[in-house]
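K.L.:
sequence? don't have it. structure:
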């Protein structure tokens, strides 16, 4: 799709073109321009940081349908929930032919990462821009990931698009384009209250296969050509 910039740019280039340029293509002949922005915790819960006697545990990590501490390793050599989310993006690309990506795939530096005179963009501003230009926005939460930071970002993004229930401002992105997937043992109250607070659906999953099946149902529903639904990708201000 040409021209999906919506005013979101970085260093003279549209965010949409940066996503297409820097993220992984789905298999040939599939819909490489159907963007799915995936969000969730990047840090895995590690009991050694929380409990003095954690060394007595068989593993400092909790059992989880997505996260495997033996195979999901970050750049620092430690177990990483971000790596589990990256595998989920890979599954979406290969199974359903969409351009699924994480914010870190695009590689825009934040102020702390950039030099003093180099261009940068805050984490929240990046997430808002990626969500705005994407066809679908998926949040994934499970007990194995730390939600402290991403939980706040999650609410800020939905609020940025004017999705809070009772808000009278024009909605910037249809609620139908957002979906939250969580395991039943994930304990964030704010995430659990999403249907009431933002009228965005939250679906539970118990296995990786169940998550992929429900993800497919969500994406197929968005791809339907239904003239009775006004599902614009983004409604720019003014």
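P.N.:
In hand now; what should we look at? Predicted, not measured: the structure shown is a model, and the values here were computed from it.

K.L.:
how near is the spatially most central residue of the chain to residue 82?
P.N.:
Nearest to the geometric centre of the chain sits residue 39, at 1.8 Å (CA atoms, centre = their mean). Residue 39 is 11 Å from residue 82, where distance means CB to CB, to the nearest Å. Bear in mind the C-beta positions are built from the backbone N, C-alpha and C, glycine included.

K.L.:
anything in contact with each of those two?
P.N.:
When contacts are counted by CB atoms under 8 Å, 6 or more residues apart in numbering, residue 39 and residue 82 have residue 102 as shared neighbours.

K.L.:
sorry, back to before: how far away is the nearest residue in space to the residue nearest to the centre of the chain that is not next to it in sequence from residue 211?
P.N.:
Nearest non-adjacent residue to residue 39, counting by CB to CB, 6 or more residues apart in numbering: residue 139, 5.0 Å away. Separation of residue 139 from residue 211 (CB to CB) stands at 12 Å.

K.L.:
need the overlap of contacts for those two.
P.N.:
Joint contacts of residue 139 and residue 211 (CB under 8 Å, 6+ apart) are residue 181.

K.L.:
surely residue 118 touches residue 109?
P.N.:
Yes - counting by CB atoms under 8 Å, residue 118 does reach residue 109; the two are 6.8 Å apart.

K.L.:
what about these two, which has more around it?
P.N.:
residue 109 (15 against 10; other CB atoms under 10 Å).

K.L.:
that one reaches residue 122, doesn't it?
P.N.:
No - counting by CB under 8 Å, residue 109 stays clear of residue 122, with 10.4 Å between them.

K.L.:
strands of this protein, start to end?
P.N.:
9-10, 13-14, 35-39, 99-101, 136-141, 178-182, 202-204 (DSSP state E).

K.L.:
and the pLDDT at residue 179?
P.N.:
Listed pLDDT for residue 179 reads 97.

K.L.:
give me every residue that touches it.
P.N.:
136, 137, 138, 139, 200, 201, 203, 215, 218.

K.L.:
show me what the lowest-mean-pLDDT helix or strand in the chain is packed up against.
P.N.:
Every helix and strand in the chain was compared by mean pLDDT, DSSP states H and E; the lowest is helix 189-192, with a mean of 79. Under the contact definition 3 or more CB pairs under 8 Å, 6 or more residues apart in numbering; DSSP states H and E, helix 189-192 sits against helix 148-160, strand 178-182.

K.L.:
of all these, which lies closest to residue 21?
P.N.:
Closest approach to residue 21 among the helices and strands packed on helix 189-192 (CB to CB): helix 148-160, 22.9 Å.

K.L.:
list the contacts of that closest one.
P.N.:
By CB under 8 Å, 6+ apart, helix 148-160 touches 39-43, 123-124, 127-128, 131, 137, 139, 141, 164, 172, 178, 188, 190-191, 194, 197-198, 200.

K.L.:
try 10 Å
P.N.:
For helix 148-160, contacts defined as CB atoms under 10 Å, 6 or more residues apart in numbering pick out 37, 39-43, 81, 103, 123-125, 127-128, 130-132, 137, 139-141, 147, 163-164, 167, 172-173, 175, 178, 180, 188-191, 193-194, 197-200.
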